[in-house]
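Chemist: After the sequence you'll find the predicted model.
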There are 2 protein chains.
Amino acid sequence: MRRKLTQRGRDRRQQLMDCAAELFAERGYHPTAVADIVDRLGVGKGVFYWYFSSKEELLVEILRSSHHDLRRRQQVAIGDEPDPIVRIELGIRASMTWFREHRHFFNLFQFAATEERFAAVLRSNEQVAIADTVRHIKDAIVEGRIADQDPEVVAQAVVGVVEQLTRAYFFERDEPDERVANAAVSFCLRGLTG
Amino acid sequence: MRRKLTQRGRDRRQQLMDCAAELFAERGYHPTAVADIVDRLGVGKGVFYWYFSSKEELLVEILRSSHHDLRRRQQVAIGDEPDPIVRIELGIRASMTWFREHRHFFNLFQFAATEERFAAVLRSNEQVAIADTVRHIKDAIVEGRIADQDPEVVAQAVVGVVEQLTRAYFFERDEPDERVANAAVSFCLRGLTG
DNA sequence: AACAATGTTGACCATTCGGTCAAGTGACTC
DNA sequence: GAGTCACTTGACCGAATGGTCAACATTGTT
């Protein structure tokens, strides 16, 4: 399966992933046929199986790379901000912005959680995200900025608020402004600090 | 499609829905064939199409009836509790208990959100749930118990916390005790009251 | 008993879909 | 220009899968 890819090859691979991610998000993973993906790109079916060994592997790759992208965005946003509470806030805002710009991934993550072979990938992604947040929360506890509580549980709660508000306001309605992000931040920070 | 059902018929229908819900949650909606459902029940395929016009209709029915069940559970738990803040707390606890006992529905809801034809049903369900919570929050605001803020946004946030903590601790790990519910309640109440 | 309505069977059908492969194309090297 | 390697094509295949249906069984009604 391992292949050497030229630049052209890497581009094609990326094209396939982008195109597939859109289709999967629009219609769902199963209802999207491999033929749909290659048709939209105007290439033959063989192209797909040159770059991916199966439809399943494609989705796993998409999940991995998109999560990687989201995480980089968070890290850039946080930069070297010293205040842990502000770091959490910046992380929340960066995530919501990223999801707004990549709404298709939201659906994809949601689907992936429902079938074990994909859920495994998702869990390992989420572990990383939680670990990042936990670090900031621990720092804040050490500094005495927030109450001493199980950092992981509150990290999960923060993730929950972000995801739900993102879905409810960015996708189902269409609130473009910062009101929602502000609400998420203030709810979470109050929830954390008490 | 409308059929008159005897008691025996209603039982069969329920059997099919229960059995299908389990299989859908285990393997996913698409990977579960109608044949799998009727096989597990040990009946012929025709039985399925006597009670449901399509696999799609079946899932919609499952979504409707399970949400109905969850809501009733919440209402029973809340009873005639006068304090709106306590009502919210009771609602949170009832939801988490219900989900723990009906874990398969959690997966199902998650999947349903990813395909438009099912997402529509889900949205109308969620509207009801949000409306219930919003009512309590408004009451609490009127009573001056919590800050004056957009009740819907915080209701969404509460739902997000409940769902995330339920998934993370009841399903992915296996924490049976009340610690998680307590954490959810205190995070949400602090988030609300500030 | 006669008749109708509800409920059940499982072989069958049309279609779709993931995946294969033998044959080809074009770029780059020696 | 011969050869190699990355890449592309699209017809083809086997294995499901959702859904149908004519025949059969059971229950209820008069």
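Modeler: Noted; the coordinates are in hand.
Chemist: can you pull the contacts of residue A:136?
Modeler: Residues in contact with residue A:136 (C-beta atoms under 8 Å, 6 or more residues apart in numbering or on different chains) are A:84, A:85, A:87, A:88, A:91. C-beta: built from backbone N, CA, C; applies to glycine.
Chemist: What of residue A:76?
Modeler: Residue A:76 sits next to residue A:94 when contact means C-beta under 8 Å, 6+ apart.
Chemist: next helix or strand past the helix or strand containing it?
Modeler: In this assignment (DSSP states H and E), residue A:76 forms part of helix A:55-78. Later in the chain than helix A:55-78, the nearest helix or strand by DSSP H and E is helix A:84-101.
Chemist: relative orientation of that following helix and helix A:55-78 in degrees?
Modeler: Between helix A:84-101 and helix A:55-78, the angle formed by their directions is 140 degrees, by axes from the mean of the first three to the mean of the last three C-alpha atoms, to 10 degrees.
Chemist: on contacts alone, who are the packing partners of helix A:84-101?
Modeler: Secondary-structure packing of helix A:84-101 (3 or more C-beta pairs under 8 Å, 6 or more residues apart in numbering or on different chains; DSSP states H and E): helix A:55-78, helix A:116-142, helix A:151-165, helix A:179-193.
Chemist: Just the buried residues of that helix, please?
Modeler: By neighbour count on 16 or more other C-beta atoms under 10 Å in any protein chain shown, the buried set for helix A:84-101 is A:84-85, A:87-100.
Chemist: before we move on, what about stretch A:25-33?
Modeler: So for stretch A:25-33, counting by 16+ other C-beta under 10 Å, buried means A:25, A:27, A:28, A:29, A:30, A:32.
Chemist: With adjacent residues omitted, what lies nearest to the second one?
Modeler: Using C-beta to C-beta, 6 or more residues apart in numbering or on different chains and skipping the chain neighbours, the partner closest in space to residue A:27 is residue B:115 (7.5 Å).
Chemist: Now the phi/psi pair for the one you found, please.
Modeler: Backbone torsions for residue B:115, taken as degrees, to the nearest 10, come to phi -130, psi 130.
Chemist: now residue A:177
Modeler: The phi/psi pair for residue A:177 (degrees, to the nearest 10) is phi -80, psi -170.
Chemist: May I see the helices and strands packed on helix A:84-101 organised as CSV, with mean pLDDT added?
Modeler: What follows is the helices and strands packed on helix A:84-101, written out as CSV (pLDDT from 0 to 100):
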stretch, mean pLDDT
helix A:55-78, 97
helix A:116-142, 95
helix A:151-165, 93
helix A:179-193, 91
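Chemist: Would you mind giving those as CSV with distance to DNA strand D added?
Modeler: Shown next, in CSV, are the helices and strands packed on helix A:84-101 (distance: least, C-beta to the nearest atom of the strand, whole Å):
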stretch, distance to DNA strand D
helix A:55-78, 13
helix A:116-142, 15
helix A:151-165, 29
helix A:179-193, 38
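Chemist: which of these is buried the deepest?
Modeler: helix A:151-165 (a mean of 24; mean count of other C-beta atoms under 10 Å in any protein chain shown).
Chemist: Show me what that one is packed up against.
Modeler: Using 3+ C-beta pairs under 8 Å, 6+ apart, the elements in contact with helix A:151-165 are helix A:84-101, helix A:116-142, helix A:179-193, helix B:151-165, helix B:179-193.
Chemist: Next, report how far stretch A:40-55 is displaced from the centre of its chain.
Modeler: In this view, stretch A:40-55 has its centroid 25 Å away from the chain centroid, taken as C-alpha atoms, centre = their mean, to the nearest Å.
Chemist: So it, near DNA strand C or not?
Modeler: Yes - applying C-beta under 7 Å from any atom of the strand, one finds stretch A:40-55 touching DNA strand C at A:45, A:46, A:49, A:53, A:54, A:55.
Chemist: That stretch: which residues count as buried?
Modeler: By neighbour count on 16+ other C-beta under 10 Å, the buried set for stretch A:40-55 is A:41, A:47, A:48, A:50, A:51, A:52, A:55.
Chemist: quick one: contacts for residue A:44?
Modeler: Residues in contact with residue A:44, defined by C-beta under 8 Å, 6+ apart, are residue A:38.
Chemist: how near is it to residue A:50?
Modeler: Residue A:44 sits 10 Å away from residue A:50, taking C-beta to C-beta, to the nearest Å as the criterion.
Chemist: Nearest residue to the middle of chain A?
Modeler: For chain A, the residue nearest the mean C-alpha position is residue A:67 (4.5 Å; C-alpha atoms, centre = their mean).
Chemist: how much space between that one and residue A:112?
Modeler: Distance of residue A:67 to residue A:112, given as C-beta to C-beta: 10 Å.
Chemist: give the contact list for the nearest residue to residue A:150 once chain neighbours are set aside.
Modeler: Nearest non-adjacent residue to residue A:150, counting by C-beta to C-beta, 6+ apart: residue B:183, 6.9 Å away. Contact analysis of residue B:183 by C-beta under 8 Å, 6+ apart lists A:149, A:150, A:153, A:154, A:157, B:165.
Chemist: Flag every residue of chain A that's near DNA strand C.
Modeler: Within chain A, the positions adjacent to DNA strand C are A:30-35, A:45-46, A:49, A:53-56 by C-beta under 7 Å from any atom of the strand.
Chemist: Those in strands, which ones?
Modeler: Among the residues of chain A next to DNA strand C, no member is found in strands (DSSP state E).
Chemist: any idea which of those residues is the one closest to chain B?
Modeler: For the residues of chain A next to DNA strand C, the residue nearest chain B by C-beta to the nearest C-beta is residue A:30; the value is 3.7 Å.
Chemist: Backbone dihedrals for the closest one, both of them.
Modeler: Dihedral angles of residue A:30 (phi, psi; degrees, to the nearest 10) stand at phi -70, psi -40.
Chemist: and the spatially closest residue to it that is not a sequence neighbour, what is it in contact with?
Modeler: Excluding the flanking residues, the one nearest residue A:30 by C-beta to C-beta, 6+ apart is residue B:30, at 3.7 Å. When contacts are counted by C-beta under 8 Å, 6+ apart, residue B:30 is found next to A:29, A:30, A:31.
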